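**Q** Got a predicted model here, sequence first, then my questions.
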Amino acid sequence: MQSLRSLSARRRCAWAPVAAIVLSLAFPLVAFAQDGGQSAAPPAGPVARIDALNGDVAIQRGDSNDTLAAVQNAPVLAGDYVTTGQGGRAEVGFDGRSAVRLGENVQIRFTSVDPADRQIQLAAGTIELRLFGDGDGQSAIDTPSVSVVPRTAGSFRVSVDESGATAVTVRTGRADIVTPHGNQSLEAGTTVLANGPAANPSIQTQSAIALDAFDSYNGDRDRVYLAATSEGQYVNTNIQGVGDLNGAGNWVDDGTYGHVWIPVNVAPDWAPYRDGNWVWEEGFGWTWVAAEPWGWAPYHYGRWYFSAAYHHWAWFPPAPGRFAPAWSPALVGFVGFNVGAVSAGIGFGNIGWVPLAPFEAFHPWWGPHAAFVNSTTIVNNYVYRNLQVNNALTSVTRENFQNGRFANPTIVSQEQLRSIHPVAVQGALPIVPSQANLRFTQRTPFSAQQASVARVTHVAANGSWSRYNANRNVNGYAQPQYSRPAAPAYQRPAAPAYQRPVAPAYNRAYSRPRAPANNRPARPAAASSHHNNDESRRDR
């Protein structure tokens, strides 16, 4: 990192107030105040996360045909593919109570990442769906031969081999194996082998396959999830990533906000939202991908402030509760500035951001209320409270921002802040995302990814990224309301022949099965036709 030494002709106007700009609207801009500093604008949709990864792991984004190297804390949205290479492993977390683990050489697609409706399509390799809590019935794993629907919490291992055959092992819990001919319940300690086309698979049941190294990996990841329960007195454990805080920082009692979390092993000049990069995600816009292993929960929920008692940045978390608050792509205030002169326009040369403080009003840059405003009004000197903290403001040049270069951000000191006249951007950031802004890292994906993803890509690229890049308003800025389209329907033919790689039997419209009938006795005949009509209406 570097200090802001390139400031030319600093204007040291005798302690003149720093010009903070509030952008006026042709229509009201809604400021979303957090409930206790916890929630933000309504989300555009659920988001999963790369919790952990080892070896070669890649993501093919559902909003483009780009194949990207995956990183920890990368978002995973509906329609995304995740692929692992030889020796690779990964975990994708849905929330604080559910995750799917990937072994090596896995090809998987997420058609829904909503914790209330998890939909996974597996074409090759071995995965484990791990569900914590009291029950489920809200997940489905679709393979070339069968569908697997867990009915309780537990550990559910599913494999697809090179021939397309499926093996389902229930380590704990209970699941249904769903075929056109009905459902078969699978209890803990058993394995089902399914072969043949999905229209008429052959199914055999046997004792559970032996434990192996993948099961050991799953056990290690279980311990991370279970660690989150120890944080339950301080934070909502339904939030994804809370388990990563254990050992990475300390919970302390600050008289100002109660129990807060303070990270350890960070640089002396460290500030939140400094180590990482901004990535463009449709429906959310600019999304922070943190470099810190623990950097999911503290950057997408809650707020940050500098604790005078502990002389350190502290995270003010969402309070414990039954339901997790809405996920946000980041909780920051953006500012722009030009060096040496006041900039009241939208073509500023540097982009800065500062973490939002507890209970501070939030102006989202995504969703129906997001808009960029090109007229300005000068108000008081600090529009964001954390700008009063030395070295809180992180910035890069506009060129670096648009080209995805965030490795060496600039730290702006209080002294420098008085000279650069920041412009507060309260709404959509006036930067059209480039192809570089889709990447989670500058690393290239592993070489096998392109060929392997092609084998399971059952629909052509929807071209939504190209449509987005061309869809700009008259000022040349990207429309903030654009949302990622829903994953295409999954049309399976009546009797697919699983001939890999020409036509993997992976194309089908998945319809989640209803719970099996309770086999209740038939209702006795009614005394009158009027009574029968009433019963018929109730049945409907």
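**A** Great, that's in hand.

**Q** Helix, strand, or coil at L226?
**A** Under DSSP: H, G, I helix; E, B strand; the rest coil, L226 falls in the helix class.

**Q** Begin at 6, not 1, for the rest of this chat.
**A** Fine by me, first position is 6 from now on; the one you just mentioned is L231.

**Q** For the helix or strand encompassing W320, what does the pLDDT average out to?
**A** Assessed by DSSP states H and E, W320 sits inside strand 317-321. Averaged across strand 317-321, pLDDT comes to 97.

**Q** Beyond that strand, next helix or strand please.
**A** Following strand 317-321 in sequence, per DSSP H and E, is strand 337-342.

**Q** Strand partners (parallel or antiparallel) of that following strand?
**A** Neighbouring strands of strand 337-342 in its sheet, by DSSP bridges, are strand 355-360 (antiparallel), strand 428-430 (antiparallel).

**Q** hmm, back to that, could you figure out how far the strand holding W320 is turned away from strand 355-360?
**A** 70 degrees (axes from the mean of the first three to the mean of the last three C-alpha atoms, to 10 degrees).

**Q** what packs against strand 317-321?
**A** Secondary-structure packing of strand 317-321 (3 or more C-beta pairs under 8 Å, 6 or more residues apart in numbering; DSSP states H and E): strand 254-259, strand 263-268, strand 308-312. Placement of C-beta: from N, CA and C, glycine included.

**Q** buried stuff in whichever strand or helix holds R228?
**A** In the assignment (DSSP H and E), R228 maps to helix 218-232. Buried residues in helix 218-232, counted by 16 or more other C-beta atoms under 10 Å: F219, D220, Y222, N223, R226, D227, V229, Y230, A232.

**Q** relative to strand 308-312, how tilted is the strand holding W320?
**A** Going by the same axes, to 10 degrees, strand 317-321 makes 140 degrees with strand 308-312.

**Q** Show me which residues of strand 317-321 are buried.
**A** H317, W318, A319, W320, F321.

**Q** Closest to V52 out of the residues you listed?
**A** Nearest to V52, judged by C-beta to C-beta, of the buried residues of strand 317-321 is W320 at 19.3 Å.

**Q** and that closest one, what does it touch?
**A** By C-beta atoms under 8 Å, 6 or more residues apart in numbering, the contact set of W320 is G254, V265, W266, I267, P268, P277, P303, G307, R308, W309.

**Q** In the protein, what residue spans correspond to helices?
**A** 218-232, 302-305, 403-407, 419-425, 454-461, 469-475, 534-544 (DSSP state H).

**Q** comparing those helices, which gets the lowest mean pLDDT score?
**A** helix 469-475 (a mean of 36).

**Q** returning to what we had before: what helices or strands is the helix holding R228 leaning on?
**A** If contacts are counted by 3+ C-beta pairs under 8 Å, 6+ apart, helix 218-232 sits against strand 53-59, strand 94-100, strand 103-107, strand 122-136, strand 159-165.

**Q** Swap in 6 Å and give it another go.
**A** Contact partners of helix 218-232 among helices and strands, from 3 or more C-beta pairs under 6 Å, 6 or more residues apart in numbering; DSSP states H and E: none.

**Q** tell me the angle of it relative to strand 159-165?
**A** Computed with the same axes, to 10 degrees, the direction of helix 218-232 lies at 150 degrees from that of strand 159-165.

**Q** could you point out where the stretch 256-405 of the chain is predicted with low confidence?
**A** For the stretch 256-405 of the chain, the stretches flagged by pLDDT under 70 are 327, 343-353, 372-387.

**Q** switch to 90 and redo it
**A** 260-261, 273, 287-288, 323-331, 340-355, 366-389 (pLDDT under 90).

**Q** hmm, back to that, quick one: which of the contacts of W320 is nearest L434?
**A** Nearest to L434 among these, with distances taken as C-beta to C-beta, is P277, at 18.3 Å.

**Q** Distance of that closest one relative to H316?
**A** In this view, P277 and H316 are 15 Å apart by C-beta to C-beta, to the nearest Å.

**Q** Could you report the neighbour count for the nearest residue in space to D100 that is not next to it in sequence?
**A** Excluding its sequence neighbours, the residue lying closest to D100 (C-beta to C-beta, 6 or more residues apart in numbering) is P120, at 4.4 Å. For P120, the count of nearby residues is 20 (other C-beta atoms under 10 Å).

**Q** so what pLDDT did P120 get?
**A** So, for P120, pLDDT stands at 78.

**Q** Deepest in the core, which of the strands paired with strand 337-342 is it.
**A** Mean neighbour count, computed with mean count of other C-beta atoms under 10 Å, is highest for strand 355-360 among these, reaching a mean of 26.

**Q** want to throw the strands paired with strand 337-342 into JSON lines with distance to R448?
**A** Below are these laid out as JSON lines (distance: least, C-beta to C-beta, whole Å):
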{"stretch": "strand 355-360", "distance to R448": "24"}
{"stretch": "strand 428-430", "distance to R448": "30"}
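
**Q** which one of the ones you listed lies closest to G341?
**A** strand 428-430 (4.7 Å).

**Q** Start and end of stretch 57-68, how far apart?
**A** Stretch 57-68 has an end-to-end distance of 23 Å (criterion: C-alpha to C-alpha, to the nearest Å).

**Q** before we move on, the earlier item: how many degrees apart are the strand holding W320 and strand 254-259 in direction?
**A** 90 degrees.

**Q** so how many other residues sit close to I214?
**A** 15.

**Q** In stretch 193-200, which residues are buried?
**A** For stretch 193-200, by 16+ other C-beta under 10 Å, it's A193, T195, T196, V197, L198, A199, N200.

**Q** ok so, going back, buried subset of the contacts of W320 as a ChimeraX selection?
**A** ChimeraX command restricting the contacts of W320 to the buried ones, with burial defined by 16+ other C-beta under 10 Å:
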select :254,265,266,267,268,277,303,307,308,309
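
**Q** for the contacts of W320, which one is nearest A63?
**A** P303 (26.4 Å).

**Q** any idea how far E109 is from the residue lying closest to that closest one once chain neighbours are set aside?
**A** Nearest residue to P303 in three dimensions, chain neighbours excluded: W320, at 4.5 Å (C-beta to C-beta, 6+ apart). Remark: distance between W320 and E109 (C-beta to C-beta) = 35 Å.

**Q** And for A128?
**A** In terms of C-beta to C-beta, A128 sits 14 Å off from E109.

**Q** again, but for R410
**A** The value you get for R410 to E109, if C-beta to C-beta is used, is 32 Å.

**Q** what about these two, which has more around it?
**A** For R410 and E109, the more surrounded residue by other C-beta under 10 Å is E109, and the numbers stand at 18 against 15.

**Q** got the contact list for T177?
**A** G159, S160, A193 (C-beta atoms under 6 Å, 6 or more residues apart in numbering).

**Q** And for it, nearest residue in space, chain neighbours not counted?
**A** Nearest to T177 is G159, by C-beta to C-beta, 6+ apart, at 4.1 Å.

**Q** And for that neighbour, the neighbour number?
**A** Around G159 there are 19 residues (other C-beta under 10 Å).

**Q** Hmm, G178 and it touching each other?
**A** Yes: with contact defined as C-beta atoms under 6 Å, G159 and G178 form a contacting pair (1.7 Å).

**Q** list residues touching both of those two?
**A** Common neighbours of G159 and G178 (C-beta under 6 Å, 6+ apart) do not exist.
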